[in-house]
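> sharing a sequence plus its predicted fold:
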Amino acid sequence: MQQANAIEFEVRGDGESVLLIHGAIVADSFLPMMSQPALSHYQLIRYRRRGYGRSAPPSGPSTVEKQANDARALLEHVSVSQAHVVAHSGGGPIAVQLTLDAPEMVRSLVLFEPALQDAAMASAFNVQLTPLIEMHRAGNSAKAVHLWMRLVAGSDWRATLDEHIPGVGDQAIQDAAATFEYDLEALRHWDFAAVGASRIGQPVLHIVGSRTAVGRQPVTDMFQAAVPGAKLLTIPDADHTLHMTNPELAAATIDEFLRLRPLQS
């Protein structure tokens, strides 16, 4: 991977630019999609957000706004004036903020189960995750990571994901501070209900897995109400790790959406 402005990134392929923004825990979650034939005619840009891998930690408190600025700066660094933006989970708020802050740079949005919260949801989320944060701070990051990932990918998450992202478990533990200290701190102070998401006029594809759809219903309803033009797609027999465990399907789904929405000259 290359490095610019203290951020690790990779650019692969030629064609319309697609920025990939990962969520918490697994910084390389989009790696399995980078070599998918369905996306071979795009320029794919993936990066490790601050604190993940060799990307520098944030200077001062981490915020979603600062992370959106990182994404914007990366696009500028690689001379991309407009891109499609694809984000997963905790990358969702960053993608939304980027779209609101620099609408001219975002042609379309594809959101895989975005981790969007209003103030009430954030409060409940904090209560749920406080034991994991304390576990990490006490020096047991491996257990904290395992308990988190067990919720979203099952008890065998490490073996399952390692088939697609070699070394994923070790890397997740190394990156634990990025999740439990930086990402959660940023999300704690970002309220989706207050950012004015109704201003989003770009085409949006909102993807939910059928196995996680019920638990995510409040988030789905909140997003669809704020951005009523968004296309909601529920993928059968899929969960929060769709783009990692079935990159072929994820890539084909993205391609089908983007082909009809080319970049504007």
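The structure has been received and is ready for your questions.
> just give the nearest non-adjacent residue to Gly91, would you?
Nearest residue to Gly91 in three dimensions, chain neighbours excluded: Ile21, at 3.5 Å (Cβ to Cβ, 6 or more residues apart in numbering). Yep, even glycine has a C-beta here, placed from its N, CA and C like the rest.
> for that neighbour, grab the count of nearby residues.
When neighbours are counted by other Cβ atoms under 10 Å, Ile21 registers 28.
> try Ser123
The number of residues packed around Ser123, counting by other Cβ under 10 Å, is 12.
> got it, and the one 10 residues further on?
Burial measure for Ile133: 16 neighbouring residues, criterion other Cβ under 10 Å.
> and the residue nearest to Gly91, how far from Phe30?
Distance of Ile21 to Phe30, given as Cβ to Cβ, to the nearest Å: 8 Å.
> shared neighbours, the two?
Each of Val86, His88 lies in contact with both Ile21 and Phe30 under the rule Cβ atoms under 8 Å, 6 or more residues apart in numbering.
> give the pairing partners of the helix or strand of the chain with the lowest mean pLDDT; include direction for each.
Taking mean pLDDT, DSSP states H and E as the measure, the chain has strand 2-4 as its least confident helix or strand, at a mean of 81. Strand 2-4 has the following sheet partners, assigned by DSSP bridges: strand 7-12 (antiparallel).
> tell me the first helix or strand C-terminal of the partner strand.
Reading on from strand 7-12 to the C-terminus, the next helix or strand found by DSSP states H and E is strand 16-21.
> for that following strand, list the C-alpha coordinates in CSV.
Presented in CSV, the C-alpha positions along strand 16-21 are these (Å, rounded to 0.1, in the frame of the first residue of the first chain):
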residue,chain,number,x,y,z
GLU,A,16,-14.6,5.5,-13.1
SER,A,17,-13.3,6.1,-9.5
VAL,A,18,-14.8,4.2,-6.6
LEU,A,19,-13.8,5.1,-3.0
LEU,A,20,-14.2,2.3,-0.5
ILE,A,21,-14.6,3.3,3.1
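> mind listing the helices for this structure?
With DSSP state H as the definition, the chain shows helices at residue ranges 64-77, 91-101, 119-137, 141-153, 157-162, 168-174, 176-177, 184-188, 217-226, 242-245, 247-259.
> right, and these - which one's nearest Gly209?
Shortest distance between Gly209 and these, using Cβ to Cβ, is found for helix 242-245: 5.4 Å.
> who's the closest residue to Ile254 other than its chain neighbours bridged to?
Using Cβ to Cβ, 6+ apart and skipping residues adjacent in sequence, the residue nearest Ile254 is Val110, 5.5 Å away. Val110 has these beta-bridge partners by DSSP bridges: Val86, Leu205.
> can I assume Val110 is in contact with Ala83?
No. Contact between Val110 and Ala83 fails when scored by Cβ atoms under 8 Å: they sit 11.4 Å apart.
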